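> From the sequence below, what's the structure:
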Amino acid sequence: MTASIRWLWRGLVALLGVAALVIGAARYVRVRQPLLDRVRAFNRRHLNPLTLGIAGRRGAYYHALRHVGRRSGRVYTTPLEAFPVGAAFVIPLTYGMRSDWARNTLAAGGATLLREGEALAVTRPRVVRLGAVSHALPLVERLGLRALGIGELLLIERADDTAPSAS
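The predicted structure is shown next:
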């Protein structure tokens, strides 16, 4: 990894850490929603374009979700975390159901998850509580989600997989 890419990666991780701290702190503040809206706007405008450069590639921590806008019909790509749970994936709803990607995926009944350089068709999206799938998540992720007050996740199944998933 070249020095400039390493510097960019460290800066990105630092920004994500600051965003996580702000979200975590907002959990204990009465003005949580307005603060979350500002963080979401900042991430959409500044952080997401940076993260999209690596999201979904082989070896990248972040995945990318391609979804179709409910009203516009445009195709959007959003960087996010997705954790495998059996034959499905769960995506933390960091901002709750205020996220356009979550509402678009639910409305369309599916999307495309870019993961490890592969485009996976996903279907049957539904919101699940953290407790229903926490057993399948790595301990660090489980603790992080709880610390940030994220109790809901979007569960999506691989479209080519017929095995039942956790719900």
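> contacting residues around the residue nearest the centre of the chain?
The residue lying closest to the centre of the chain (C-alpha atoms, centre = their mean) is residue 80, at 3.1 Å. Residue 80 makes contact with 55, 62, 63, 64, 65, 91, 92, 101, according to C-beta atoms under 8 Å, 6 or more residues apart in numbering. Yep, even glycine has a C-beta here, placed from its N, CA and C like the rest.
> Beta-bridge partners for the fifth one, please?
Each beta-bridge partner of residue 65 is listed here, defined by DSSP bridges: residue 78, residue 113.
> my read: it touches residue 110, true?
No - Residue 65 is beyond contact range of residue 110, at 10.5 Å (criterion: C-beta atoms under 8 Å).
> ok, the two, which is more surrounded?
Comparing residue 65 with residue 110 by other C-beta atoms under 10 Å, the one with more neighbours is residue 65, at 26 against 17.
> quick one: that one and residue 135, what's the gap?
To residue 135, residue 65 is 24 Å away according to C-beta to C-beta, to the nearest Å.
> Could I get the phi/psi values of the residue nearest to the centre of the chain?
phi -160, psi 170 (degrees, to the nearest 10).
> Of the contacts of residue 80, which is the most crowded?
Going by other C-beta under 10 Å, residue 65 tops these with 26 neighbours.
> what's the next secondary structure element after the biggest strand by length in the chain?
Ranked by number of residues, the top strand in the chain under DSSP state E is strand 118-129. Downstream of strand 118-129, the first helix or strand assigned by DSSP states H and E is helix 130-133.
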